[in-house]
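In: Sequence plus the predicted model coming up.
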Amino acid sequence: MEKKTGLNSIMGGDHWIWGVYWILVFISIVEIGSASSRLAYRELANDNPLMRHTTFLAVGFFLFGMGLQSLTRANIKWVKLFGMTSYVAGVILMALMPIFGRRINGAARDIFGIQPVELCKLGLIIVLCMAIAAPKTAFTRWPIFRKSTELRRFIFLLLLIVMAATPIALQNLSSALILGIAALGIMFVGEVNGKYLIRAIISIGIVAGIFLGLLFGLHILNKSQEEAGGAHHTDIGLLSRANVWEQRIFDGSSIPLWEQKINDDNMQVMYAHMAIANSNAIGRFVGESQLRDHLPEAYSDYIYCIIFEELGVIGAAVVMLLYFILFWRCYRISKKTDNTFKRLLMIAIPLLIIIQAMIHIGVCTDAMFVTGQPLPLISRGGMAILSTSACFGILFGLSHDILREEQNRLSSVPE
């Protein structure tokens, strides 16, 4: 086999994954430059939003993208160490969030400048893959459930998920939802015992039903309190975030959007619809958005609406297709290896990315209730950009290793 040199050696791995990455980065820079014009005007010389975003993309690529690619190619154990460190650090920081976290819109978003939810998401995905790929002997020493090694493994997986998802759910329910769906998908792909998965899904459904029932009770209480002349939100201490969930799920107006007046409660949804309606097949072209200066969080939680307005139906469809291409290509590559951990991780990481992307798109197109989730690698952000860059770095390294192993295997077969 010929040894790769130059750029092919540095940027090794699957060309499809590299292509998706660079196209997303290009779209991100172009659309953030357009969507953040209002932010740039407000901050003036204090901060250049596009420069800040480009800096995070560059740091993410060189530090986490290329760094983790190199570590993955050197030894897969580095990825496992990175995952365990991210998971432990994320869980500890999430536990400290209610005390030391910086609160934005009623929820703690970061602590010491770090968003621990991003650490938890990637860390949990890696440690779940590690636990599923671990030999059965790793769970035989547990003193409980001696008759079933699979049950011991499943309980361990659940503990990992609960420890990460519970503190996340108290501050950011949509991130916990993304993590839960991705975790179930990983366990399904990892062929975890089906009966345990079914029982877990039924249990989750029961808990979700109880949760919605409690939210509906809170909704009735808030309404009665508001009708009596009091505040709309009931003070429930540490669970005050439940008031936000109640409002998003049960406070929808029966009046059609086109008959509503724009106010603080419906502003995001209204302007998001207007941005999409203001488009056509090919869009208004880059920089020609008319809603970017009116739509709150146009450069972050609603960047897809600006993409829709400026690039049209075709451009918006291409962006969505890029995430599916990433998942499809990673899935194809995962089938080329016999290493269970590599195979699971090659599917789990793009699964996490595509679930977050679809939730963002669902919010922007009013397919689901409003929740703040950035569009991976496109929305303006700091920790989210670095986390997604780390995901791609691992995919670059894994795809390089798996494709190299396949080439070596094919070259060793006698003609």
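Out: Thanks, I have the structure now.
In: Nearest the geometric middle of this protein, what residue?
Out: With distances taken as C-alpha atoms, centre = their mean, the residue of the chain nearest its centroid is residue 356 (4.0 Å).
In: ok, residue 271 touching residue 292?
Out: No. Taking C-beta atoms under 8 Å as the definition, residue 271 is not a contact partner of residue 292, at 9.4 Å. Where you see a C-beta, it was placed from the backbone N, CA and C, and this is true even at glycine.
In: between these two, who's got more neighbours?
Out: residue 292 (25 against 21; other C-beta atoms under 10 Å).
In: Thought residue 371 was touching the residue nearest to the centre of the chain, still the case?
Out: No. Residue 356 is beyond contact range of residue 371, at 10.9 Å (criterion: C-beta under 8 Å).
In: circling back: please identify which helix or strand holds the residue nearest to the centre of the chain.
Out: helix 340-364 (DSSP states H and E).
In: Show me what whatever helix or strand comes next after that helix is packed against.
Out: Following helix 340-364 in sequence order, the next helix or strand is helix 383-411 (DSSP H and E). Under the contact definition 3 or more C-beta pairs under 8 Å, 6 or more residues apart in numbering; DSSP states H and E, helix 383-411 sits against helix 15-35, helix 49-59, helix 66-74, helix 76-100, helix 116-133, helix 303-334, helix 340-364.
In: which parts of helix 383-411 are buried?
Out: Buried residues in helix 383-411, counted by 16 or more other C-beta atoms under 10 Å: 383-403.
In: Kindly report the same for stretch 121-141.
Out: Here stretch 121-141 shows 121-133, 139 as buried, counting by 16+ other C-beta under 10 Å.
In: ok, longest helix in the chain?
Out: helix 194-227 (DSSP state H).
In: where does the stretch 251-400 of the chain dip in pLDDT?
Out: 251-259 (pLDDT under 70).
In: Redo the buried residues of stretch 121-141 as CSV? Include distance to residue 328 and pLDDT.
Out: Below are the buried residues of stretch 121-141 laid out as CSV (distance: C-beta to C-beta, whole Å; pLDDT from 0 to 100):
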residue, distance to residue 328, pLDDT
121, 22, 91
122, 21, 93
123, 25, 94
124, 24, 94
125, 19, 94
126, 22, 96
127, 25, 95
128, 22, 94
129, 19, 94
130, 25, 93
131, 26, 91
132, 22, 91
133, 23, 91
139, 33, 65
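In: Reformat those residues as TSV; add distance to residue 189.
Out: What follows is those, written out as TSV (distance: C-beta to C-beta, whole Å):
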residue	distance to residue 189
121	17
122	17
123	19
124	15
125	12
126	15
127	16
128	11
129	10
130	14
131	14
132	9
133	11
139	19
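In: what's the closest of these to residue 57?
Out: Taking C-beta to C-beta as the measure, residue 57 lies nearest residue 122 of those, at 17.4 Å.
In: what residues are up against the closest one?
Out: By C-beta atoms under 8 Å, 6 or more residues apart in numbering, the contact set of residue 122 is 83, 86, 349, 352, 387, 390-391.
In: now with 10 Å?
Out: For residue 122, the contact set (C-beta atoms under 10 Å, 6 or more residues apart in numbering) comprises 82-83, 86-87, 90, 348-349, 352, 387-388, 390-391, 394.
In: Same check on residue 96?
Out: 108, 111-112, 116, 167.
In: Residue 60 too?
Out: Residue 60 makes contacts with 25, 66-67, 377, 382-393, as judged by C-beta under 10 Å, 6+ apart.
In: quick check, nearest of those residues to residue 306?
Out: residue 377 (15.5 Å).
In: Thanks a lot, see you next time.
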